[in-house]
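Chemist: here's my sequence, what's the structure:
(one chain, ligands or ions: 1)
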Amino acid sequence: MTEMVLRPTTGRVAAPAIDMSTTLAGASFPNPVFTASGCAAAGQELDQFFDITLLGGVVTKSIMLAARPGRATPRMAETPSGMLNSIGLQGPGIEAFLDKDLSWLASRGARAVVSIAGGSVEDYAKLAQKLRGRPGLVMIEVNISCPNVEDRGQVFACDPQAAAAVVQAVKRATAPGIPVFAKLSPDVTDIASIARACVDAGADGLSLINTLLGMVIDTTTMRPALGGVTGGLSGPAIRPVAVRCVWQVRQALPDIPILGMGGIRTGLDALELVLAGANAVSVGTTVFGDPTAPVRVLDELARALVERGFDRFEEAVGLAHRPPVSHVPEDPDPVGDTPPPAPPVRFEGQA
Ligand code: RRO
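Modeler: The predicted structure is shown next:
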């Protein structure tokens, strides 16, 4: 694939060109801004607002083997700086997805990152098998961290062995050359240990982070606001958690590609995750209020990188991990054997 050189287009002053291409486990993308799973279905709706092939990739809503109606309504609740969802993996099932959604993405020329979800290790393996050789597929995101399943035991990402078992099965069933990323939950004590278990099991990269489990109570009805009672918290409120998770995993696994997401609304939000260690980012919740957000974020990110003197996007990845610059002046006399300075010369009339 040829490198894409992006020339930021918004603002009054044209910024110089910058190479925004990125590579995730051998897969090349013209730029590092993707949609986030669950926030843009399979891209058709967003394509009415902008050309989705302008994005690095389109990450589809997690798909299961069978069609699924999802959880009881209401399924969304607003919170300060974010929202809760309890969609419950609503979807058409893999066959309809392949026929309608993935084929549409392929015909548009979009780079499809297909998110898969299952109730068992076997489900995930079957889904990966069904994706083998499909045109348009460039990467698989294994969603092992959906917060809205009836049984918390199905949140495979909360247990390193369960997470590893799913990743291993998907990796075995996936065609060579298609990177497998595991999407992790922030609702764990030590995300780096779950990340390491996934990588040891064959994950080519990690998607960080899924929503945090939360809850809202309606003070008028004095009942839970969501039909599913609990839900996944997303939006700006979770960005510092996402930055922390990306930072911790980048530190533990310096060479593993990371797709970062969580509360990105602007190019500077994206840059924060990139500096923490993300090789690409997904823009999610903000599209509900601004459907053009992914391309705007791409433009703002390119502009922010140019302003900071970068020639290539990849130079910024993980840069916040470099050692701090010391502001303590160097001690000119570290062993303390320099004679004290001579007293200042006094002039007549001085006090
Ligand atoms: O469908 C959902 O309710 C859902 C999923 Br699969 C997920 O991964 N994260 C989320 O917040 N909601």
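Chemist: for the longest strand seen in the chain, name the packing helices and strands.
Modeler: If you go by DSSP state E, the chain has its longest strand at strand 137-143. Helices and strands touching strand 137-143, by 3 or more Cβ pairs under 8 Å, 6 or more residues apart in numbering; DSSP states H and E, are strand 27-29, strand 112-116, helix 121-131, helix 160-173, strand 180-183. All C-beta atoms are positioned from the backbone trio N, CA, C, and that covers glycine.
Chemist: in a markdown table, list those along with mean pLDDT, mean neighbour count and distance to residue 224.
Modeler: As requested, these are exported to a markdown table (pLDDT from 0 to 100; neighbours: other Cβ atoms under 10 Å; distance: least, Cβ to Cβ, whole Å):
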| stretch | mean pLDDT | mean neighbour count | distance to residue 224 |
| --- | --- | --- | --- |
| strand 27-29 | 98 | 19 | 40 |
| strand 112-116 | 98 | 28 | 27 |
| helix 121-131 | 97 | 20 | 29 |
| helix 160-173 | 97 | 21 | 28 |
| strand 180-183 | 98 | 27 | 26 |
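Chemist: looking at these, which is closest to residue 209?
Modeler: Within those, the stretch nearest residue 209 is strand 180-183; the backing value is 8.0 Å (Cβ to Cβ).
Chemist: which strands or helices does the host helix or strand of residue 34 pack on?
Modeler: Secondary structure assignment for residue 34, by DSSP states H and E: strand 33-35. Under the contact definition 3+ Cβ pairs under 8 Å, 6+ apart, strand 33-35 sits against strand 58-59, strand 280-283, helix 293-307.
Chemist: just checking, residue 180 touches residue 201?
Modeler: No. With contacts counted by Cβ atoms under 8 Å, residue 180 stays clear of residue 201, the gap being 9.7 Å.
Chemist: what's the overlap in contacts for those two?
Modeler: Common contacts of residue 180 and residue 201, defined by Cβ atoms under 8 Å, 6 or more residues apart in numbering, comprise 167, 171.
Chemist: could you pull out the strands for the stretch 201-350 of the chain?
Modeler: 205-208, 212-215, 217-218, 223-224, 230-234, 258-261, 280-283 (DSSP state E, counting those that start in this stretch).
Chemist: out of the ones you listed, which comes closest to the ligand?
Modeler: In terms of Cβ to the nearest ligand atom, the element of the strands of the stretch 201-350 of the chain nearest to the ligand is strand 230-234, at 2.6 Å.
Chemist: related to what we said a few turns ago, just the mean pLDDT for the longest strand of the chain, thanks.
Modeler: Averaged across strand 137-143, pLDDT comes to 98.
Chemist: what angle do it and helix 121-131 make?
Modeler: Counting by axes from the mean of the first three to the mean of the last three Cα atoms, to 10 degrees, strand 137-143 lies at 170 degrees to helix 121-131.
Chemist: where in the stretch 201-350 of the chain is pLDDT low?
Modeler: By pLDDT under 70, the low-scoring segments of the stretch 201-350 of the chain are 328-332, 334, 336, 338-350.
Chemist: how about the helices in it?
Modeler: Along the stretch 201-350 of the chain, counting by DSSP state H, counting those that start in this stretch, helices occupy 239-252, 267-276, 293-307.
Chemist: in CSV: the helices and strands packed on strand 137-143, plus distance to the ligand.
Modeler: Shown next, in CSV, are the helices and strands packed on strand 137-143 (distance: least, Cβ to the nearest ligand atom, whole Å):
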stretch, distance to the ligand
strand 27-29, 22
strand 112-116, 8
helix 121-131, 13
helix 160-173, 14
strand 180-183, 7
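Chemist: low pLDDT regions in the stretch 1-150 of the chain?
Modeler: Across the stretch 1-150 of the chain, the ranges flagged by pLDDT under 70 are 1-16.
Chemist: end-to-end on stretch 203-221?
Modeler: 45 Å (Cα to Cα, to the nearest Å).
Chemist: starting at the chain centroid, how far to it?
Modeler: 14 Å (Cα atoms, centre = their mean, to the nearest Å).
Chemist: go on, stretch 290-300?
Modeler: Between the centre of stretch 290-300 and the centre of its chain there are 15 Å (Cα atoms, centre = their mean).
Chemist: got the buried residues for that stretch?
Modeler: Using 16 or more other Cβ atoms under 10 Å as the test for burial, stretch 290-300 gives 291, 293, 294, 295, 296, 297, 298, 299, 300.
Chemist: residue 247 against residue 278, yeah?
Modeler: No. If you go by Cβ under 8 Å, residue 247 and residue 278 don't touch, sitting 9.7 Å apart.
Chemist: the two: which is more packed in?
Modeler: residue 278 (33 against 22; other Cβ atoms under 10 Å).
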